[in-house]
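1. Pasting the sequence and the predicted coordinates here, then a few questions.
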Amino acid sequence: MMRAWLGKAWAGHAVLGVFFALLLALFSALSPWFWSFENMVSMGANMAFIGIMAAVGTPLIVAGGLDLSVAAVAGLSGVIVTLMHEGGMGAWAGVAAALVFGMSAGAGNGLLATGLRLNPLIVTLGTMSIITGISLVLTDGLTRPLSADNFNWVGNSRPLGIPFPLILMLALFFILWLVEAFTPFGRHIYAAGGNPDAARLLGVRVKRVQIILYALSGLSGALAGVVLAAMLGAAAPDAAGRHLLTIITAIILGGTSLFGGRGGVWGTLLAVLILGALNNGLTLLNVSSFWQDVIRGIVLLCAVALDQVRTRAAEA
């Protein structure tokens, strides 16, 4: 059964890969700047913070969880770094505080969703609203500049010509793949989402697995917020909030089931690249940002429909 699932997964990845190649060919034909090295590098850097959150969100959804507050955590994390830097404590002290906050917020989501058995959609919608509100209160809704040479390199340096945020994102995907493919914890992730009752009978501590993944999701939001603040040289209270749909779309489009038990990070990475190319190509073609929102919504609906088709095919 596992081999059959893996075969279907790689077949799905192949379809995504072909679609990605066609998308690259289309935008290359329509825009002479699309295939330039500088544009490719810029596209990768701009999608890195989204990929960081989508990467960790994938095993969480596989395990039966859901975190809609991750983008709000990213926004407040950037604000924390900025305010601590302005207060004279330094940007790196702010980074440490932001990472602790992100992990704590994620763990709180996990405790509410698993310990009290509350719907994770409602729990994380609530915490998303709370965290976004706190960000707005702390900044009066304004963007705060953040200029610290020993910090901004995180978002703007290019080792060997490759943006550091992109390197960080790819390293995270690779580490998560190792975990899900070669460790007992990775097997517990799939067991917890596939059949939690059977997993408990086999000794899998489902709640602990989910709480750990919620904490890591919050940590990924904080890390993404730090990267985004370093890239922009500023912290906006809702800088990452508008990208939440892109994060969820990437996870679902990449083959992860909303019902849990099925998915993987490589599919999510392919989907992140596809969505990055789509956003970049539409921007180069001067397509209105309003129409880009429409297109992203259509892609999300298609991804959800595709997830339903995959689920029914797996049950057949």
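-> Cool, the structure landed.
2. Strands of the stretch 151-300 of the chain, residue ranges please.
-> All strands of the stretch 151-300 of the chain, identified by DSSP state E, counting those that start in this stretch, fall at 234-235.
3. Run through the helices of it in chain order.
-> With DSSP state H, counting those that start in this stretch, the ranges of helices along the stretch 151-300 of the chain come out as 164-182, 184-194, 196-201, 206-232, 244-253, 265-284, 289-315.
4. Out of the ones you listed, which gets nearest to Leu112?
-> Between Leu112 and the helices of the stretch 151-300 of the chain, the shortest gap by C-beta to C-beta is with helix 206-232, which sits at 9.1 Å. Glycine gets a C-beta too; all of them are placed from N, C-alpha and C.
5. and Val81, which of the helices of the stretch 151-300 of the chain is closest to it?
-> Going by C-beta to C-beta, the one of the helices of the stretch 151-300 of the chain nearest Val81 is helix 206-232, 5.6 Å.
6. buried ones in that closest one?
-> Neighbour-count burial for helix 206-232 flags 206-207, 209-232 (criterion: 16 or more other C-beta atoms under 10 Å).
7. Over to stretch 169-189?
-> Under the neighbour-count criterion of 16+ other C-beta under 10 Å, stretch 169-189 has Met169, Leu170, Leu172, Phe173, Leu176, Trp177, Glu180, Gly186, His188, Ile189 buried.
8. what's near enough to touch the closest residue to Ser217 other than its chain neighbours?
-> Leaving aside its chain neighbours, Ser217 sits nearest to Asp67 (4.4 Å; criterion: C-beta to C-beta, 6 or more residues apart in numbering). Residues near Asp67 by C-beta atoms under 8 Å, 6 or more residues apart in numbering: Gly57, Leu60, Gly106, Asn109, Pro120, Thr124, Tyr214, Ser217, Gly218, Gly221.
9. mind running it again at 10 Å?
-> By C-beta atoms under 10 Å, 6 or more residues apart in numbering, the residues touching Asp67 are 53, 56-57, 60-61, 73, 105-106, 109-110, 113, 120-121, 123-124, 127-128, 213-214, 216-218, 220-221, 244, 247-248.
10. and the gap between it and Arg296?
-> Distance from Asp67 to Arg296, counting by C-beta to C-beta, to the nearest Å: 19 Å.
11. can you pull the contacts of Thr249?
-> Here Thr249 is in contact with 54, 243, 271-272, 274-275, 296-297, 299-304 (C-beta under 10 Å, 6+ apart).
12. wait, Thr139
-> Gly75, Leu76, Gly78, Val79, Thr82, Leu83, Ala235, Ala236, Pro237, Asp238.
13. Could you rerun that using 8 Å?
-> Contacts of Thr139 by C-beta under 8 Å, 6+ apart are Val79, Ala235, Ala236, Pro237.
14. Among the buried residues of stretch 169-189, which one lies nearest to Ser147?
-> Lowest distance from Ser147 to those (C-beta to C-beta) belongs to Met169, with 23.9 Å.
15. burial measure for Leu30, as a count.
-> By other C-beta atoms under 10 Å, 11 other residues sit near Leu30.
16. Give me the below-cutoff pLDDT ranges for the protein.
-> Segments of the chain classed as low confidence (criterion: pLDDT under 70) are 1-12, 306-308, 310-316.
17. again, 50 this time
-> Along the chain, the parts satisfying pLDDT under 50 run over 1-7.
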